[in-house]
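# sequence and predicted structure are below.
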Amino acid sequence: MATKTNQVAASAFTSSLSLIATNYAFRCDAKFADAAVLDVLKKVESAGYFVLGDYLPQPFVKGIQPDYLDQPTDDSVPVISTLAIQQLAINERDCRHIAREDFEGLSDERKLAEGDVLLTVDGGVSIGKPCLFDLKSDYSMDSHVVVLRPEGLSSLALVYLLASPLGQMQFRRAESGASGQTTVTEDDIRRFRFPSALLKSIDKTAAHIEAERRRIAAQRATLQAEETALWKSLDKLEG
């Protein structure tokens, strides 16, 4: 009976020192050694792959914990947080603000520019949310968000690689830390693997998906406005 129990445990979670060494945090747990995930990654490797670090020559830039204002002012600056990044977009209404002088005191690398890729790296289920920064005004980010500035790969392509099922699977696998305080390290993200064949079409595919998403979002906004107007018409009803 003891032998059978040992066999079940071994089949449920098998690891090795060589596997553990591929993770920057040197983790040894069932999620990192998940056989189904390892099978997918082996197929990617056998078909030829690249790692994200090949296209990210600059260090990741992480935000700092801001000294938020109680209320925005005419010249205050929004700060993008984990909450503000949802469904590959920035919800400006969810951004809190810092004083203009605090923003001016930040290093240039923490002042966002069009084409930057934002990525959430802390906080359990909040990990792994990417988006493209395409706003015209001044913005910064908090300490749970990093900025990636790819070279040789379009920013939009990087967003969709990170958001893809293969990218999200690698985020879940690389997550480490105590419950509620988990994170994914820069070193592990740099090791994320994707099929080399994607490089031929990823820019075109990403641009197509983005255009379709924007079209659908515009339609959704129109329908929402129509529904709001319909509900407002109830105000005109008389008993």
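Now that the structure is in, tell me what you want to look at.

# I figured H97 hits D75, correct?
No - look at H97 against D75 with Cβ atoms under 8 Å: they stay out of range, at 9.7 Å. Backbone N, C-alpha and C define where each C-beta goes, glycine included.

# which one's more surrounded, those two?
More crowded of H97 and D75, by other Cβ atoms under 10 Å: H97, with 19 against 11.

# check which helices and strands the helix or strand hosting that one sits against.
Element membership for H97 (DSSP states H and E) is strand 96-98. Applying 3 or more Cβ pairs under 8 Å, 6 or more residues apart in numbering; DSSP states H and E, one finds that strand 96-98 contacts strand 77-80.

# so how far is the very next helix or strand once past the strand it packs on from its chain's centroid?
Remark: after strand 77-80, the chain's next helix or strand is strand 85-86, criterion DSSP H and E. When distances are taken as Cα atoms, centre = their mean, to the nearest Å, strand 85-86 is centred 9 Å away from the chain's centroid.

# let me know the average pLDDT across strand 85-86.
What strand 85-86 shows for mean pLDDT is 94.

# after that strand, next one along is what?
Strand 85-86 is succeeded, C-terminally, by strand 89-90 (DSSP H and E).

# in its sheet, what does that next one sit against?
strand 85-86 (antiparallel) (DSSP bridges).

# how about residues contacting the strand it pairs with?
N91, D94, L118, T120, K129, P130, C131, V145 (Cβ atoms under 8 Å, 6 or more residues apart in numbering).

# and if we set it to 10 Å?
N91, D94, L118, L119, T120, S126, K129, P130, C131, M141, H144, V145 (Cβ atoms under 10 Å, 6 or more residues apart in numbering).

# F192 contacts L148, doesn't it?
No - taking contacts as Cβ atoms under 10 Å, F192 lies outside contact range of L148: 11.5 Å.

# which residues do the two both contact?
L52, L162.

# D94 and F192, how far apart?
Separation of D94 from F192 (Cβ to Cβ, to the nearest Å): 27 Å.
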